[in-house]
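Engineer: Return atomic coordinates for the entry below.
(chains A and B)
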Amino acid sequence: MTEPNASIPEQVSRTRAGEPVTFLEAIAEALWEEMARDPDVFLLGEDIGVYGGAFKVTRGFLEHFGPQRVVDTPISEGGFTGAAAGAAHMGLRPVVEMQFMDFISPAYDVLTNYIATSEYRGAGPLPMVVRGPVGGGNRGGPFHSQNIEMAFFHTPGLKIVYPSTAYDAKGLLKAAIRDDAPVLFEEHKGLYRAPGLREVLPDEDYVVPLGSARTVREGDALSIVTYGAMVHRSVEAAERLAEEKIEVEIVDLRTLLPMDDEAIVETVRKTGKLLVVHEDTRTGGIAGEIAMRVSEQAFEWLDGPMLRVTAIDAPVPYSGALEDVFLPGVEDIVTAARYLAKY
Amino acid sequence: MRLSDRLIHALAFAAATIDLRPRRSGEPRPARPELDPAARCLRAVPAALALDRREDGTGDLWTHREPVPSVGLLFGLSAEALLLQLLGDARAPAAGRDAGDLPTESSRGLLGPITLPGKGVEVAAGAALALRMRDEPRVVVHFDEVGGTSSGDWHEGLNFAAVSRAPLVLVVRNDVGDSARHTALRSLVRKGPAYGVPVTSVPGSDPAAILDAVAESVERARSRRGTQMVELAESDASPPLHDRLGVDEADFVEEVSRRTAEYRTLRDDLLADRRDDLDAVRGPIASGTPPSIPWYRTAELRPR
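Structural biologist: Take a look at the predicted model:
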């Protein structure tokens, strides 16, 4: 492995300087710190080295860690994800960047048939992370805006993480890199540089455990279970509902696989009403799975129908006006929550 | 119309549309050869000119990976229609659902942009196979750049086309400056024969040579000699474009500027009158199955 040199890029220096970081900088810091801590951690992906990544998450990494640990790949998502599995077999801990998570589909075969089944088959654990930007709202059209969790949610052997804050993004990514299971790590690109998400992070080595949800806001009228960018839309909706004396409890799942059933059941038992909000499309979305788990574990506590606010069952449109209709908005959440509260 | 006149229109249209979708960050686009719309245009337009282009569904077919909206002008699409498509306007063929730079209109010979690396080769191979199965003397041209050659789909598509003896001509830009990242074997001249596909290599900076090479490959594919490939290679000592085209430099530049201003005026007029069709996204709901209808989005449906 190449020895690190002294140059440290700006986007991974803020916490050390006591400055607030963006969601994107938190991810960059996590990668940097894990690479510095463990020489077995290395990165590979399209344009991550010389170019610094499509979103500049890895700007300066190549100069510091060298080309053996920051590997620019051809446009071969299936190929380099499979290669990452090979490196993981050899004891390394690869972190694969998908330039956009929409591009993960060529790697579906190796991820679901080979990587996810490895430990179960007795072929050993494959500690690796596949991370990248997801989500709409950036006018990226159908090939640069998707949420990919449900394409993989059905696959035993994978973990899926989807943070909503800078603190969680850093802590969860560090935990994912240290985990012995393959982890898909979704980063909503709308959060990357959102000014409201800047926060000062602890200047210490912390992790956020995988599989643990977080209560964002307490309330008693109903529960919103959500994740990713929809956490912030749900909070905005809750603030509006609070003006109507409707106090909403919001649970941020943070990790989708494994799912924190306990946190979901606990909030449903408290409020008796459940609204699931996700940006992914409706049919086959995670809301269906959550509703079934609640039905199995907390049916007696329900005082109303379980509802969901989601994107529409359609590809992500390019036109901004169409995309705004397609995506779940604050007004949608308010409407559904108000109905549920009065049920 | 002479090649130089075609290129003037194409370059002007490319210049008028480059900033149609400004980056959210406001940062200028980085200088990357493969993202240079003028360079792409100067290579794609001569290649497209080599096709037998018709508007009645009997001509050759074109598809590409990287955006080259100027090619649409060659296939009979108006500048206005192309601009509306790029704007995501309700009046565009895609009605704002997609940002593809060209609509899919097979009657004009446009199979549409296929931006997924390698997938274009597979789709084009299948379209070409269909032509062969129907014994139609038509050809499919897929315009790609070297980055796509590193995807597994590219290899599968090319192998399938070659085995099927599909009348497909694959035109690959290999002059984008970073091909070493994509292929250890820099030239496709040796790679094509490994699939049983003959390769003609011409300088990517010579539009006339591109036109000739693609035209010859198209005719070979049309005469049942199977899949062909044209490599647009790097050339160190390329004379300036106007020299290659045999035109006066000042006149060429002036004409491109004049046409660019015209296209910009049209673009700005359309921008000022931009329209959205929300039914383009509600449509799938209205025609879909009931579970896909979010009740909070519709006036007609309410729970209970």
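Engineer: from here on, contacts and neighbour counts on C-alpha atoms
Structural biologist: Noted.
Engineer: now the residue nearest the centre of chain B: how far from chain A?
Structural biologist: Centroid check for chain B by C-alpha atoms, centre = their mean gives B:His64 as the closest residue, at 3.5 Å. If you measure B:His64 against chain A using C-alpha to the nearest C-alpha, to the nearest Å, the figure is 16 Å.
Engineer: Contacts for the longest helix that chain A contains, please.
Structural biologist: For chain A, the helix reaching the highest residue count under DSSP state H is reported as helix A:23-37. Where contact means C-alpha atoms under 8 Å, 6 or more residues apart in numbering or on different chains, the residues beyond helix A:23-37 that reach it are A:4, A:11-13, A:41-42, A:57-58, A:61, A:165-167, A:169-171, A:173-174, A:177, A:191-194, A:197-198.
Engineer: Filter those residues down to the ones in strands?
Structural biologist: Using DSSP state E, A:Val41, A:Phe42 are the members of these that sit in strands.
Engineer: which residues touch A:Arg214?
Structural biologist: Applying C-alpha under 8 Å, 6+ apart, we find A:Arg214 in contact with A:Val251, A:Asp252, A:Leu253, A:Arg254, A:Ala263.
Engineer: Dump those residues to JSON lines, plus secondary structure and pLDDT.
Structural biologist: What follows is the contacts of A:Arg214, written out as JSON lines (DSSP: H, G, I helix; E, B strand; the rest coil; pLDDT from 0 to 100):
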{"residue": "A:Val251", "secondary structure": "strand", "pLDDT": "98"}
{"residue": "A:Asp252", "secondary structure": "strand", "pLDDT": "98"}
{"residue": "A:Leu253", "secondary structure": "coil", "pLDDT": "98"}
{"residue": "A:Arg254", "secondary structure": "coil", "pLDDT": "98"}
{"residue": "A:Ala263", "secondary structure": "helix", "pLDDT": "98"}
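Engineer: The contacts of helix A:23-37: which ones sit near chain B?
Structural biologist: When C-alpha under 8 Å from any C-alpha of the partner chain is taken as the criterion, no member of those contacts chain B.
Engineer: Restricted to helices, list the contacts of helix A:23-37.
Structural biologist: For the contacts of helix A:23-37, the ones inside helices are A:Phe61, A:Ala166, A:Tyr167, A:Ala169, A:Lys170, A:Gly171, A:Leu173, A:Lys174, A:Ile177, with DSSP H as the criterion.
Engineer: Strands of the chain, residue ranges please.
Structural biologist: Using chain A. Taking DSSP E as the criterion, chain A contains strands spanning A:41-45, A:70-72, A:93-97, A:129-134, A:159-161, A:183-188, A:214-217, A:222-226, A:248-252, A:255-257, A:274-281, A:307-311.
Engineer: Please refer instead to chain B.
Structural biologist: Under the criterion DSSP E, chain B contains strands at B:61-64, B:110-113, B:140-145, B:168-174, B:199-203, B:228-233.
Engineer: next one: the first one to chain centre, how far?
Structural biologist: In terms of C-alpha atoms, centre = their mean, to the nearest Å, the gap separating the centre of strand B:61-64 from the centre of its chain is 6 Å.
Engineer: hmm, back to that, which of the strands of chain B has the lowest average pLDDT?
Structural biologist: Looking over the strands of chain B, mean pLDDT reaches its minimum on strand B:110-113, with a mean of 89.
Engineer: Could you list the low-confidence segments of the stretch 51-200 of chain B?
Structural biologist: Under the criterion pLDDT under 70, the flagged ranges of the stretch 51-200 of chain B are B:177-179.
Engineer: tell me which parts of it are close to chain A?
Structural biologist: B:87-89, B:96-99, B:117, B:147-148, B:150-152, B:181-183.
Engineer: could you flag which of the residues you listed are buried?
Structural biologist: Neighbour-count burial (16 or more other C-alpha atoms under 10 Å in any protein chain shown) applied to these gives B:87-89, B:96-99, B:117, B:147-148, B:150-152, B:181-183.
Engineer: mind listing which of those residues are in helices?
Structural biologist: Those of those lying in helices (DSSP H): B:Leu87, B:Gly152, B:Arg181, B:His182.
Engineer: Contact partners for A:Leu302?
Structural biologist: By C-alpha under 8 Å, 6+ apart, the neighbours of A:Leu302 are A:Val268, A:Arg269, A:Gly272, A:Lys273, A:Leu274.
Engineer: So for it, what's the pLDDT?
Structural biologist: Model confidence at A:Leu302 (pLDDT) stands at 98.
Engineer: How much space separates it from A:Gly79?
Structural biologist: Distance of A:Leu302 to A:Gly79, computed by C-alpha to C-alpha, to the nearest Å: 47 Å.
Engineer: Buried residues in stretch A:211-226, which are they?
Structural biologist: In terms of neighbour count (16+ other C-alpha under 10 Å), stretch A:211-226 has its buried residues at A:211-213, A:216-217, A:219-226.
Engineer: Taking those together, which two end up most distant?
Structural biologist: The span of those, defined through C-alpha to C-alpha, is set by A:Gly211 and A:Ala221 at 25.6 Å.
Engineer: Is there contact, residue-wise, from stretch A:222-229 to chain B?
Structural biologist: No - judged by C-alpha under 8 Å from any C-alpha, stretch A:222-229 stays clear of chain B, getting no closer than 15.9 Å.
Engineer: From the chain's centroid, how far away is that stretch?
Structural biologist: In this view, stretch A:222-229 has its centroid 14 Å away from the chain centroid, taken as C-alpha atoms, centre = their mean.
Engineer: and what of stretch A:143-150?
Structural biologist: A distance of 11 Å separates the C-alpha centroid of stretch A:143-150 from that of its chain, computed with C-alpha atoms, centre = their mean.
Engineer: in stretch B:189-207, what's buried?
Structural biologist: Using 16+ other C-alpha under 10 Å as the burial criterion, the residues of stretch B:189-207 that qualify are B:189, B:192, B:195-207.
Engineer: what about it, distance to the chain center?
Structural biologist: Stretch B:189-207 has its average C-alpha position 19 Å from the chain's average C-alpha position, going by C-alpha atoms, centre = their mean.
Engineer: ends of it, how far apart?
Structural biologist: Distance between the two ends of stretch B:189-207: 19 Å, counting by C-alpha to C-alpha.
Engineer: coming back round to it: select, out of the strands of chain B, the one closest to B:Phe75.
Structural biologist: Between B:Phe75 and the strands of chain B, the shortest gap by C-alpha to C-alpha is with strand B:110-113, which sits at 7.6 Å.
Engineer: ok, and the most crowded of the ones in helices among the contacts of helix A:23-37?
Structural biologist: When neighbours are taken as other C-alpha atoms under 10 Å in any protein chain shown, the top entry among the ones in helices among the contacts of helix A:23-37 is A:Leu173 (31 neighbours).
Engineer: and that residue, what does it touch?
Structural biologist: For A:Leu173, the residues meeting the contact criterion (C-alpha under 8 Å, 6+ apart) are A:Ile27, A:Ala30, A:Leu31, A:Phe185, A:Val207.
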